[in-house]
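Undergrad: For reference, the sequence and a predicted model appear below.
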Amino acid sequence: MFKIMGAAMIIAAATAIGWVQSSSYASRVRQIRQMIHALERLETSIMYGYTPLDEAFRDLSHQAAAPLKQVFGYASDLMQSRAGVTTAKDAWEKALHVYKGRLSMKDQDLRILYELGASLGVSDREDQRNHLRHAVKRLEQEESAARDDYLQFGRMSKSLGVLSGIMLVILMY
Amino acid sequence: MKRNANWSLILPPEVRAMIMSLPDRVLAELEEVRVREDRPLEVIFGGSYGFVTSEGKLTDLSSGAYKPNKEDCHRLLDLMTNHSLYTMEEQLRRGFVTVAGGHRVGMSGRTVLSQGKVSHLRDIAGFNIRIAREVKGVGKPILPYLLDFGQKGVHHTLIVSPPQHGKTTLLRDLVRMISSGEWCHADATWKAMKVGVVDERSEIAGCIKGVPSFDLGVRSDVLDGCPKAEGMMMLIRSMSPEVLVVDEFGRMEDVLAMREAIHAGVSVIATAHGQALDELVRRPGLSELLTEGVFRRIVFLQRTKKQMTFRVFDEKKRAMLIDTVRGGARV
C-alpha cells in the first residue's frame, strides 16, 4: 500500500518538475515579447511625447505585467528618489539586478537589456530611437530562439518529467 | 541659503558634498558654480571667484583644486536633464537648461551643425550653474514712478542695464507687484492687473513644466520658451493681458509686436542690455521707439559691490529719480 503511495508521489513530483521546466521556457518567450512591447511603447513616449524617462518608466510599470512591472517601477523610483543612483543607467541596472531572480530571461537576453541601459536618456531622440530599435531587433532574435527552445524542449521536458518518474518507480520495484 | 539649496540636487553627490561644505558666507553669496571637465572646480560669489578643493575648502590656487572628471560631467548632465536628455533638445540648441527653482545651467561642448545651423550640443564638457535668487521688494522704490494715474495702469517702460546687474530680478518683482496689486503708492487704488509674460529664455519665471518657479503674483500668465515677437502676439490674442512683459527687447520684429500691443491698449514693460541713453538710441529697433517717445519711462540699473543705483527718466529723457540702495550686491 505504502509502496503504491510512494510511487504515486514520485511520479507526481517528477511530473511537476517537468511542468515547471516547461513553463520557464514558455515564460521566457512571454517576457521577451512583453519587453519588446514595453520598449516599443517607450520609443513612442520618447519620440512623440517627450516624456522624461522616470515618467515613461512609471507608465510602463502601470501597463506591464509582473515581473516587468516591478522592474520598471523600481527603476522609476530610483530615478525619482536619486538615492545612491545618479544616472538612468545605474537605476536600470540596479532594477534588473534586483529582479533578475524573478525574470525567466537567459543571460543573453539580459545582456541586451544591460547594454541598452548605457544609452538610456543620454542622447537626442533620434539616437534614443536607434538604440531602442536595435535592442528590440536583438530581442526579437532571442524571442524566436526562445520559441524554438520552447517547442523543442518545453514539450519534451513535460513528457520527460512524467516518464522519468515512471522510470524511477519501475527501477525501484 | 536654505531656500535655494535645491539647486545643488543636480550635482553628483561627491561634488555636491564639496560645494556644500564651503563656508556659509560663500554659500550665501554664491552666484555661479562652474564645472569644467579635467579643470579646477570654480565658484563665483559676491563678485569674486575661487576654486574648491576635494575637502570642500576654498582656494585661490588652481593647482590644489578638485578637477571634475568625465564621469562627474556625465552624471551632472544626467541629473540636470532628469535622466532624459532627449526632452531638452530645444534647450541644448540654445545652450542652457532651466532646472527646478529657476536656476539655469549653461553648457558648452561640441556643436553639431545641420544645414549651417546649430542643431545639437554634444560632448558637453563645460557647465555653468547660475543660481537664481528671488529678491522680493527690489522693485518697491521704482514702481511708483511707473504708475499711470490717468489710465489707472502702468506706463510703457524700458529697463536698461549691463548683464548681471539685476534687470531680470527687477522685472520679476515688478510682475509680482503689478499682478497682485501692490502699487506701493497711497493714491494708487485700482486693483491688480492681468500680466502676460513672454519668457523666451525661461529666466523671468523659471518655469518647470509650464508652472513658474518664482512668485509672479496672482494674475500673471507665462508663455515659456516662446520667441518674443510671436509670443507677444499670441498672448494678446489668447490671454487678453493688460500689461505685457518681455526680456531682452530690441530686434526689429519685437518693435513691430510692440506697436501691435500699443494698438491693443496693452502696456509693455521690457528690458534691454545697455549702459547709457545715447548708446541705446543708436540701436536700430530701439532708436525708433525712443525718439518717438513710446517708452514713457526708462529705468537704468547700476550694481556695484556695495550698492544698487536706480535712475528713472521720462519720455523726454528728464530725470525723475536717482536713488541708491545699499547692499545691492545681493540683488
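TA: That came through fine.

Undergrad: which parts of chain A sit against chain B?
TA: Contact residues (C-beta under 8 Å from any C-beta of the partner chain) of chain A with chain B: A:46, A:50-54, A:56, A:79, A:82, A:86-88, A:91, A:120-125, A:127-128. All C-beta atoms are positioned from the backbone trio N, CA, C, and that covers glycine.

Undergrad: Show me what secondary structure element comes after the longest helix anywhere in chain A.
TA: Criterion DSSP state H: the longest helix present in chain A is helix A:2-47. Where DSSP states H and E defines the elements, the next helix or strand beyond helix A:2-47 is helix A:53-63.

Undergrad: contacting residues for whichever residue of the stretch 151-300 of chain B sits closest to chain A?
TA: Going by C-beta to the nearest C-beta, chain A is nearest to B:Lys209 of the stretch 151-300 of chain B, at 9.5 Å. By C-beta atoms under 8 Å, 6 or more residues apart in numbering or on different chains, the contact list for B:Lys209 is empty.

Undergrad: Give me the pLDDT value at it.
TA: Per-residue pLDDT puts B:Lys209 at 78.

Undergrad: And the strands in the stretch 151-300 of chain B?
TA: B:153-154, B:157-161, B:195-199, B:220-224, B:243-246, B:267-273, B:297-303 (DSSP state E, counting those that start in this stretch).

Undergrad: Could you export the ones you listed as CSV, including distance to chain A, mean neighbour count and mean pLDDT?
TA: CSV is the format used below for the strands of the stretch 151-300 of chain B (distance: least, C-beta to the nearest C-beta, whole Å; neighbours: other C-beta atoms under 10 Å in any protein chain shown; pLDDT from 0 to 100):
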stretch, distance to chain A, mean neighbour count, mean pLDDT
strand B:153-154, 37, 21, 90
strand B:157-161, 34, 25, 90
strand B:195-199, 19, 28, 93
strand B:220-224, 14, 23, 92
strand B:243-246, 26, 27, 93
strand B:267-273, 30, 23, 91
strand B:297-303, 35, 22, 87
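
Undergrad: Can you name the residues of chain B that neighbour chain A?
TA: Residues of chain B lying close to chain A (C-beta under 8 Å from any C-beta) are B:9, B:12-13, B:74-75, B:77-79, B:81-87, B:89, B:92, B:120.

Undergrad: can you count the residues close to A:Ser123?
TA: A:Ser123 has 17 neighbouring residues, counting by other C-beta atoms under 10 Å in any protein chain shown.

Undergrad: Just the pLDDT at the closest residue to B:Pro12 other than its chain neighbours, thanks.
TA: Closest residue in space to B:Pro12, ignoring its immediate chain neighbours: B:Arg75 at 4.1 Å, by C-beta to C-beta, 6 or more residues apart in numbering or on different chains. Looking at B:Arg75, its pLDDT is 87.

Undergrad: Equivalent analysis for A:Ala83, please.
TA: pLDDT, A:Ala83: 62.

Undergrad: C-alpha coordinates for the lowest-mean-pLDDT helix or strand in chain B, CSV please?
TA: Between all helices and strands in chain B, the lowest mean by mean pLDDT, DSSP states H and E belongs to strand B:319-326, at a mean of 70. Taking C-alpha atoms only, strand B:319-326 is exported to CSV below (Å, rounded to 0.1, in the frame of the first residue of the first chain):
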residue,chain,number,x,y,z
ALA,B,319,15.5,112.5,-14.8
MET,B,320,12.7,111.7,-12.3
LEU,B,321,14.6,109.8,-9.7
ILE,B,322,18.1,108.9,-8.9
ASP,B,323,18.3,106.6,-5.9
THR,B,324,20.8,104.4,-4.3
VAL,B,325,20.1,101.3,-2.2
ARG,B,326,22.9,99.8,-0.1
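
Undergrad: In its sheet, which strands sit next to it, and in what direction?
TA: The strands beside strand B:319-326 in its sheet (DSSP bridges) come out as strand B:307-314 (antiparallel).

Undergrad: angle of the strand it pairs with against strand B:157-161?
TA: Between strand B:307-314 and strand B:157-161, the angle comes out at 140 degrees (axes from the mean of the first three to the mean of the last three C-alpha atoms, to 10 degrees).

Undergrad: that older thread, report the angle between the axes of the longest helix of chain A and helix A:53-63?
TA: Angle, helix A:2-47 to helix A:53-63, by the same axes, to 10 degrees: 140 degrees.

Undergrad: chain center to helix A:2-47, what's the gap?
TA: From the chain centre to the centre of helix A:2-47 is a distance of 10 Å (C-alpha atoms, centre = their mean, to the nearest Å).

Undergrad: The one helix or strand B:Gly106 maps to - contacts with which helices or strands?
TA: Using DSSP H and E, B:Gly106 maps to strand B:103-114. Strand B:103-114 sits against strand B:96-99, strand B:117-130, with contacts defined as 3 or more C-beta pairs under 8 Å, 6 or more residues apart in numbering or on different chains; DSSP states H and E.

Undergrad: still on that earlier bit, can you select the buried ones from the residues of chain A next to chain B in ChimeraX?
TA: Remark: buried members of the residues of chain A next to chain B, expressed as a ChimeraX selection using 16 or more other C-beta atoms under 10 Å in any protein chain shown:
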select /A:46,51,52,53,54,56,79,86,87,88,91,120,121,122,123,124,125,128
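
Undergrad: Below-threshold pLDDT in the chain: ranges please.
TA: You didn't pick a chain, so chain A it is. Across chain A, the stretches falling below the confidence threshold (pLDDT under 70) are A:82-85.

Undergrad: hm, I was asking about chain B
TA: For chain B, the ranges with pLDDT under 70 are B:1-5, B:305-306, B:325-331.
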